[in-house]
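**Student:** predicted model, plus sequence, below.
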Amino acid sequence: MGSRGNVCDRGAPVALLAAAFALIALDPTRAASDIPLPRPAPKCDRDHFRVVLDVGHSAEAPGAISARGKSEYGFNLRLAKQIDRSLIDAGFEKTVLMVTGGDARRTLYARMAHANRLTADLLLSIHHDSVPDRFYKKWEFNGQPHIYNDRFKGYSIFVSDENAEGKASLAFGSILGHQLRAHGLAYTPHYAAAFMGHNRHTLLDNQAGVYRYDTLFVLKKSRMPAVLLEAGSIINRDEELAMATPARQELIGAAVVAAVDTFCLVQARSPQVTQSARSVRHGRRSRHARKRSVKSPPMLSLNRVQQSTAGQ
């Protein structure tokens, strides 16, 4: 990198340099330092941008069951580990892979308490989709009865208006959806359909596949921009097989890295907003810490920077 005074390293266009020299030629008393030069373009500070990857569900509360009887938690953990590796390799070294243990309700409180202590810039919760019980169909696999539904497939993205940084959450959700599409994936539109009943959600971005889901605990209780990704439908027999492949996991990992990098750059272009949001998060965290201490079930945080204080 050049010094701060090096005009060429500051990326000034040739036309602007020519104009500056022309002005100096017309007025020799005018110093070169008087000529306005473009400021350096903001860059994403990958070394300090922290992403929390929340592995949905737990070994004790494994979530949905796939068409071939595999737990959603297993799918979530494998994909989250791949995304973690992809982010680390891309320079986001403060990424935290958050794995929780325990029953469903206590796990939710634990992961949010832990995530909010990390002073992160973004939370991405990793899940895999199923369908409401009334859509189940029966089939046999390896001589055992299982359930499936091949009608729906594709990813979906959820954000909450009750999140402390709802607009930023929607911004990242849209960026992520467009990156997934750019990598050849499609979102499932069925969440906006009337037949979904109480599982129906408002489609906020019909290009990226972002839905509004205000009451999702992991989204509304996060003190940072937060998005939940349903990476694909494991109740769909074909998509279940695709989601289990390293190729699909690596593809999603690449899309997430591109989305995080873009979102980080957007934040860098608005440093006052970013700093204000961080101050709010820190202030709320401090008041919360003074108010009471929350006992969490066992938790494991895996990353290259920080280890959780609790074991699994």
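**Tutor:** Received, thanks. Numbering: from 1, shown residues only.

**Student:** what about the strands in the protein?
**Tutor:** Listed in chain order, the strands of the chain (DSSP state E) span 51-55, 96-100, 122-129, 137-141, 144-148, 156-159, 202-205, 210-212, 226-233, 299-302.

**Student:** mind putting the ones you listed in JSON lines, distance to K70 and mean pLDDT included?
**Tutor:** The way it works is simple: take the backbone N, C-alpha and C, and place the C-beta from them, glycine included. Formatted as JSON lines, the strands of the chain follow (distance: least, C-beta to C-beta, whole Å; pLDDT from 0 to 100):
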{"stretch": "strand 51-55", "distance to K70": "15", "mean pLDDT": "96"}
{"stretch": "strand 96-100", "distance to K70": "18", "mean pLDDT": "93"}
{"stretch": "strand 122-129", "distance to K70": "10", "mean pLDDT": "98"}
{"stretch": "strand 137-141", "distance to K70": "11", "mean pLDDT": "98"}
{"stretch": "strand 144-148", "distance to K70": "10", "mean pLDDT": "98"}
{"stretch": "strand 156-159", "distance to K70": "20", "mean pLDDT": "98"}
{"stretch": "strand 202-205", "distance to K70": "29", "mean pLDDT": "98"}
{"stretch": "strand 210-212", "distance to K70": "25", "mean pLDDT": "98"}
{"stretch": "strand 226-233", "distance to K70": "13", "mean pLDDT": "98"}
{"stretch": "strand 299-302", "distance to K70": "21", "mean pLDDT": "47"}
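
**Student:** of all these, which lies closest to V260?
**Tutor:** Taking C-beta to C-beta, strand 51-55 is the member of the strands of the chain nearest to V260, at 5.9 Å.

**Student:** what is the closest one packed up against?
**Tutor:** Judged by 3 or more C-beta pairs under 8 Å, 6 or more residues apart in numbering; DSSP states H and E, the packing partners of strand 51-55 are helix 72-89, strand 96-100, helix 104-117, strand 122-129.

**Student:** I65 - how many residues pack around it?
**Tutor:** I65 has 15 neighbours, counted by other C-beta atoms under 10 Å.

**Student:** distance check, the nearest residue to it once chain neighbours are set aside against V99.
**Tutor:** Nearest in space to I65, with sequence neighbours left out and distances taken as C-beta to C-beta, 6 or more residues apart in numbering, is S71 at 6.4 Å. Using C-beta to C-beta, to the nearest Å, S71 is found at 14 Å from V99.

**Student:** same check on F141?
**Tutor:** From F141 over to V99 the distance is 28 Å, taken as C-beta to C-beta.

**Student:** how many residues are close by G143?
**Tutor:** 5.

**Student:** and it, what's its pLDDT?
**Tutor:** With respect to pLDDT, G143 has a value of 96.

**Student:** next, the contact list for it, please.
**Tutor:** Taking C-beta atoms under 8 Å, 6 or more residues apart in numbering, we find G143 in contact with no residue.

**Student:** thinking again about what came up before, got the strands of the chain as JSON lines, with mean neighbour count and distance to G253 columns?
**Tutor:** Formatted as JSON lines, the entries for the strands of the chain read as follows, by neighbours: other C-beta atoms under 10 Å; distance: least, C-beta to C-beta, whole Å:
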{"stretch": "strand 51-55", "mean neighbour count": "25", "distance to G253": "11"}
{"stretch": "strand 96-100", "mean neighbour count": "25", "distance to G253": "12"}
{"stretch": "strand 122-129", "mean neighbour count": "26", "distance to G253": "11"}
{"stretch": "strand 137-141", "mean neighbour count": "11", "distance to G253": "28"}
{"stretch": "strand 144-148", "mean neighbour count": "15", "distance to G253": "27"}
{"stretch": "strand 156-159", "mean neighbour count": "27", "distance to G253": "16"}
{"stretch": "strand 202-205", "mean neighbour count": "17", "distance to G253": "22"}
{"stretch": "strand 210-212", "mean neighbour count": "23", "distance to G253": "20"}
{"stretch": "strand 226-233", "mean neighbour count": "27", "distance to G253": "10"}
{"stretch": "strand 299-302", "mean neighbour count": "19", "distance to G253": "16"}
